[in-house]
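> Okay, sequence plus prediction incoming.
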Amino acid sequence: MPGAGNPHYSILGDRMMAQQQSFEFRSAVITVSDRDALLATIREIAQLHHTHIVCFDAEKMVGLEHAESAVRHAHHSFSNDSAISNSFEMEALLYAAGSRQCSIAASFGIHEGKNHLFICCCPPSSDAWNALARYMDFINETWDEPGPEKTNRLMALFGITPEEIEAAGTDRVTALVLERVALLDVSK
């Protein structure tokens, strides 16, 4: 697993990222009282440091691999002029949700209350990370082992049937979710 044991996951992706596009993930915890204000602050940080910052709700993600896949697919969409949204950040959330609906995708981002997040900086920027650290606590966690409660939540979010789980096995939830992410390309 990339970055296991390290809260900073630097990834230079495969062929989709061949144009020297790189990204870095960190896990974070934050309690949000004003979502819109925090999102505005994150957008300002991103603009100031010439990067994209995508925040994924780890409770709705099967793990870090899910967030990485969403970012790779978003980059591929923008590289091929096939994006369905106006921003890289929303495109990544659309892929994370496996949906063309922005309202559904937005629920895969920051929400009010306590958040466990995968934060992506694309391209990486130490100055952006330093600015973000004023608002959230970076931690050493990847949330990659979904328990029964999270598995049930993921099944509901991604329309995974009990029959699919029975056929594939409960240990294949990650593969089934990643399949839903990839299927967004087909539904464009």
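Right, received. Where do you want to start? Numbering: from 1, shown residues only.

> from here on, contacts and neighbour counts on C-alpha atoms
Will do.

> then the host helix or strand of residue 54 to PDB, C-alphas only?
Using DSSP states H and E, residue 54 sits in strand 52-57. The C-alpha coordinates for strand 52-57 follow below in PDB (Å, rounded to 0.1, in the frame of the first residue of the first chain):
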ATOM      1  CA  HIS A  52      -5.800  21.800  -6.800                       C
ATOM      2  CA  ILE A  53      -6.900  20.600  -3.400                       C
ATOM      3  CA  VAL A  54      -9.500  17.900  -3.300                       C
ATOM      4  CA  CYS A  55     -11.000  16.700   0.100                       C
ATOM      5  CA  PHE A  56     -12.600  13.300   0.200                       C
ATOM      6  CA  ASP A  57     -14.800  12.100   3.000                       C
END
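
> Can you name the next helix or strand after that strand?
Note on strand 52-57: by DSSP H and E, the next helix or strand toward the C-terminus is helix 64-79.

> who touches that next one?
The contact list for helix 64-79 (Cα atoms under 8 Å, 6 or more residues apart in numbering) reads 13, 16-17, 56, 61, 83, 88, 91-96, 118, 142-144, 174, 177-178, 181-182.

> rewinding a little: sheet partners, orientation included, of the strand holding residue 54?
Using DSSP bridges, strand 52-57 pairs in its sheet with strand 113-122 (antiparallel).

> Quick check: buried residues in stretch 99-116?
Across stretch 99-116, burial judged by 16 or more other Cα atoms under 10 Å covers 99, 100, 102, 104, 105, 106, 108, 109, 110, 111, 115, 116.

> Which one of those residues is nearest to residue 33?
Set against residue 33, the nearest of these by Cα to Cα is residue 111 (8.8 Å).

> That closest one belongs to a strand?
No. Read with DSSP: H, G, I helix; E, B strand; the rest coil, residue 111 is coil and lies in no strand.

> Provide a ChimeraX selection command restricted to the buried entries of the contacts of helix 64-79.
Applying 16+ other Cα under 10 Å to these, the buried members can be selected in ChimeraX as follows:
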select :13,16,17,56,61,83,88,91,92,93,94,95,96,118,142,143,174,177,178,181,182
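
> And what about residue 138, helix, strand or coil?
strand.

> The residue nearest to it when sequence neighbours are not counted and residue 102: what is the separation?
Excluding its sequence neighbours, the residue lying closest to residue 138 (Cα to Cα, 6 or more residues apart in numbering) is residue 28, at 4.2 Å. According to Cα to Cα, to the nearest Å, residue 28 and residue 102 sit 23 Å apart.

> and the strand holding residue 54, how far out from the chain's middle?
Distance, stretch centre to chain centre, for strand 52-57: 6 Å (Cα atoms, centre = their mean, to the nearest Å).

> relative to helix 64-79, how tilted is that strand?
Interaxial angle of strand 52-57 relative to helix 64-79 (axes from the mean of the first three to the mean of the last three Cα atoms, to 10 degrees): 140 degrees.
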